[in-house]
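Asks: Give me a 3D structure for the following:
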Amino acid sequence: MNAVKKTTEKMTNYRWTICAMLFFATTINYLDRQVLSLTWDEFIKPEFHWNEEHYGNITAVFSIVYAICMLFAGRFIDWMGSKKGFLWAIGVWSVGACLHALCGVVTEAWVGLGSAAELAKATGDVAVVISTVSMYCFIAARCVLALGEAGNFPAAIKVTAEYFPKKDRAFATSIFNSGASIGALAAPLTIPILAKHWGWEMAFIVIGALGFIWMAFWVFMYDSPRKSKHVNAAEIEYIEQDKDEASQETTVEETEEKKMPFWQCFSYKQTWAFAFGKFMTDGVWWFFLFWIPSYLNTQFEIKTSEGLGMALIFTLYAIVTILSIYGGKLPTIFIKRSGSDPYAARMKAMLIFAFFPLLVLFAQPLGIYFADWGKHAAWIPVILIAIGCSAHQAWSANIFSTVGDMFPKSAIASITGIGGMAGGIGSMLLQKGAGNLFVYADEAQMTFFGFQGKPAGYFIVFCICAVAYLIGWVVMKSLVPKYSPITID
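Replies: Numbering: from 1, shown residues only. Take a look at the predicted model:
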């Protein structure tokens, strides 16, 4: 075990290697999550006779199962520890990702048909059975995926708190959290191509297998800072700079820290502030993640396997990736300039980020205004949505870091799990509502502010997404107006 002492030796920087591992885990997490959204509209829907309601049901169930699992995932990570907990999480979700490939086989066996072509040609009651059975098969696979993916952020936030001092956590979180954007960035360049040339089933298998490769690296690369042979005393001193003098004299291993009872987590306003912020905003990110490919096809007749479709989605997440990383740096700038505490700096930054999603309000109107551009009019809403999604990722990096600011390390994963559960519930409501709304708007040719049919439905959801962050910030600030760290008695 490394000793903590004042030293003049050159500091190692192994914490950034661990941050890179968290980044790749999050990238894989979002790649696995994106396979369905990039294949359902073009490849899966014709085979299984789906509409937006079927897809909305699948994404809604994924969201609620993810939410429930998040409630317990944090506790599981606290109990298992960062190393084993992360291995279990990514192992389960990788299995779940690969299971999607079996949904067609199960559906064929259930209805007694022998190929995907026969499924696609079915009509009448048989088509209804195919759509229903296949939907439940995908729901089952998504439940396994959700069970594993629920452990990613509680584990990553816990590892970040172990390896970084408070002043660096938002930046480190923004780096690994940008893996979500990189995953979404790589997805349109790989998944449609895999689905087009090898079949949508192989897209799930190839992307799902990446998680097993990551596990092999994690086994050999991760240990807590004090046990790691790659971290010297100077780096430990830097990591533990937030500890007071008493705790520096007698360092207590995390496994020996006093644990916060699970029920007690709900007794703090800080928990409810974090949970409400996640409830209001997580669903926005997931909506765009799950529905943008379908939106482009519906509004502009652009398929994800087309060059323009790939370019649009790639550009969207390229903008998100570049802009979101700096979101975690803004609080550090505020701290250096004003000397404010980390919580105040993060809330100030989050307020700034909360205004940018308002640009999404103009996505639909400008997309129609430039309709004479043809398919290329899609660039306008895509760029505006990209700015809104960038603000979300910057917001997300900071809201996660507020947990590490105010709760002891032994409770961080549990609080993160509670917040993730709230975010999953918010996402479930938005996904289910969006799917039903799009089908209703199309069938009833609903009108809203000059838009008709599905475009009217998309505009309604865009309006909700635009104001969600300001509502979330106001409630968070009302519950916890100033820095109030929690101590376990």
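Asks: Thought residue 103 was touching residue 134, still the case?
Replies: Yes. A contact is recorded between residue 134 and residue 103 when judged using C-beta atoms under 8 Å, the distance being 5.9 Å. Just so you know, the C-beta spots here come from the backbone N, C-alpha and C atoms, and that holds for glycine as well.
Asks: where in the stretch 101-250 of the chain is pLDDT low?
Replies: 244-250 (pLDDT under 70).
Asks: now the helices: where do they sit in it?
Replies: Counting by DSSP state H, counting those that start in this stretch, residue ranges of the helices within the stretch 101-250 of the chain are 103-111, 116-121, 124-149, 152-163, 166-198, 200-221, 233-239, 245-249.
Asks: Return the most buried member of those.
Replies: Between the helices of the stretch 101-250 of the chain, the one whose residues have the most neighbours on average, counting mean count of other C-beta atoms under 10 Å, is helix 152-163 (a mean of 27).
Asks: Distance check, residue 211 against residue 109.
Replies: Residue 211 sits 27 Å away from residue 109, taking C-beta to C-beta, to the nearest Å as the criterion.
Asks: for residue 351, that is, sorry about that
Replies: Residue 351 is 54 Å from residue 109, by C-beta to C-beta.
Asks: Residue 54 now?
Replies: According to C-beta to C-beta, residue 54 stands 20 Å off from residue 109.
Asks: what do you get for residue 319?
Replies: When distance is defined by C-beta to C-beta, residue 319 is 44 Å away from residue 109.
Asks: what do you get for residue 80?
Replies: For residue 80, the distance to residue 109 equals 37 Å [C-beta to C-beta].
Asks: what does residue 268 give?
Replies: Taking C-beta to C-beta, one finds residue 268 at 51 Å from residue 109.
Asks: Quick check, central residue of this protein?
Replies: With distances taken as C-alpha atoms, centre = their mean, the residue of the chain nearest its centroid is residue 180 (6.1 Å).
Asks: Can you pull the phi/psi pair for residue 445?
Replies: Dihedral pair for residue 445: phi 50, psi 50, per degrees, to the nearest 10.
Asks: Contact partners for it?
Replies: With contact set as C-beta atoms under 8 Å, 6 or more residues apart in numbering, residue 445 has these partners: 452, 453.
Asks: likewise residue 265?
Replies: Contact partners of residue 265, counting by C-beta under 8 Å, 6+ apart, are 271, 411, 414, 415, 418.
Asks: Let's have those residues in CSV, adding neighbour count and secondary structure.
Replies: Shown next, in CSV, are those (neighbours: other C-beta atoms under 10 Å; DSSP: H, G, I helix; E, B strand; the rest coil):
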residue, neighbour count, secondary structure
271, 24, helix
411, 28, helix
414, 29, helix
415, 28, helix
418, 26, helix
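Asks: so what does whichever strand or helix holds residue 46 touch, helix or strand wise?
Replies: Counting by DSSP states H and E, the secondary-structure element that holds residue 46 is helix 45-48. Counting contacts by 3 or more C-beta pairs under 8 Å, 6 or more residues apart in numbering; DSSP states H and E, helix 45-48 packs against helix 116-121, helix 124-149.
Asks: mind checking which of the ones you listed is nearest residue 13?
Replies: The closest of the helices and strands packed on helix 45-48 to residue 13 is helix 124-149. By C-beta to C-beta, the value is 29.0 Å.
Asks: quick one, the closest one and helix 200-221 angle?
Replies: 10 degrees (axes from the mean of the first three to the mean of the last three C-alpha atoms, to 10 degrees).
Asks: Could you number the chain from 505 rather than 1 from now on?
Replies: Sounds good: first residue 505 from here, last item helix 628-653.
Asks: Check which residues of whatever helix or strand residue 920 lives in are buried.
Replies: Element membership for residue 920, per DSSP H and E: helix 913-948. Within helix 913-948, the residues that count as buried by 16 or more other C-beta atoms under 10 Å are 914-932, 934-943, 945-946.
Asks: could you dump the helices and strands packed on helix 549-552 to TSV with distance to residue 978?
Replies: What follows is the helices and strands packed on helix 549-552, written out as TSV (distance: least, C-beta to C-beta, whole Å):
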stretch	distance to residue 978
helix 620-625	49
helix 628-653	30
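Asks: what's the closest of the ones you listed to residue 663?
Replies: When those are compared for distance to residue 663 using C-beta to C-beta, the nearest one is helix 628-653, at 16.2 Å.
Asks: now that closest one: how far from the chain's centre is it?
Replies: Centre-to-centre, helix 628-653 and its host chain are 22 Å apart (C-alpha atoms, centre = their mean, to the nearest Å).
Asks: name the helices or strands packed onto the next helix or strand after the helix holding residue 550?
Replies: Once the chain leaves helix 549-552, the next helix or strand it forms, by DSSP H and E, is helix 556-584. Under the contact criterion of 3+ C-beta pairs under 8 Å, 6+ apart, helix 556-584 touches helix 586-603, helix 628-653, helix 656-667, helix 773-804, helix 913-948.
Asks: The ones you listed: which one's closest to residue 552?
Replies: Across the helices and strands packed on helix 556-584, residue 552 has its closest neighbour in helix 628-653 (3.9 Å, C-beta to C-beta).
Asks: by contact count, what packs against that closest one?
Replies: Using 3+ C-beta pairs under 8 Å, 6+ apart as the contact criterion, the secondary-structure elements in contact with helix 628-653 are helix 518-543, helix 549-552, helix 556-584, helix 586-603, helix 607-615.
Asks: Reformat those into JSON lines and put distance to residue 962 next to each item.
Replies: As requested, the helices and strands packed on helix 628-653 are exported to JSON lines (distance: least, C-beta to C-beta, whole Å):
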{"stretch": "helix 518-543", "distance to residue 962": "15"}
{"stretch": "helix 549-552", "distance to residue 962": "18"}
{"stretch": "helix 556-584", "distance to residue 962": "11"}
{"stretch": "helix 586-603", "distance to residue 962": "28"}
{"stretch": "helix 607-615", "distance to residue 962": "27"}
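Asks: Those: which one's closest to residue 645?
Replies: For the helices and strands packed on helix 628-653, distance to residue 645 was read as C-beta to C-beta. The smallest value, 4.2 Å, belongs to helix 586-603.
Asks: Tell me which other helices or strands the closest one touches.
Replies: Packed against helix 586-603 by the contact rule (3+ C-beta pairs under 8 Å, 6+ apart) you find helix 518-543, helix 556-584, helix 628-653, helix 656-667, helix 704-725.
Asks: dump the residue contacts of residue 581.
Replies: Taking C-beta under 8 Å, 6+ apart as the definition of contact, the neighbours of residue 581 are 589, 590, 593, 655, 658, 659, 662, 917, 921.
Asks: which two from the residues you listed end up farthest apart in space?
Replies: Using C-beta to C-beta, the pair of those lying farthest apart is 590 and 921, separated by 13.8 Å.
Asks: which ones are touching the residue lying closest to residue 779 once chain neighbours are set aside?
Replies: Closest residue to residue 779 in three dimensions, ignoring its sequence neighbours and counting by C-beta to C-beta, 6 or more residues apart in numbering: residue 926, at 3.9 Å. By C-beta under 8 Å, 6+ apart, residue 926 lies in contact with 571, 779, 780, 782, 783, 786.
Asks: Now the two most distant members of the residues you listed.
Replies: Of all pairs drawn from the contacts of residue 926, the widest gap by C-beta to C-beta lies between 571 and 780 and measures 13.9 Å.
Asks: how about residue 515, what does it touch?
Replies: In this structure, residue 515 makes contact with 736, 738, 739, 742, judged by C-beta under 8 Å, 6+ apart.
Asks: So which of the helices and strands packed on helix 556-584 is nearest residue 976?
Replies: From the helices and strands packed on helix 556-584, taking C-beta to C-beta, the stretch that ends up closest is helix 773-804, at 3.5 Å.
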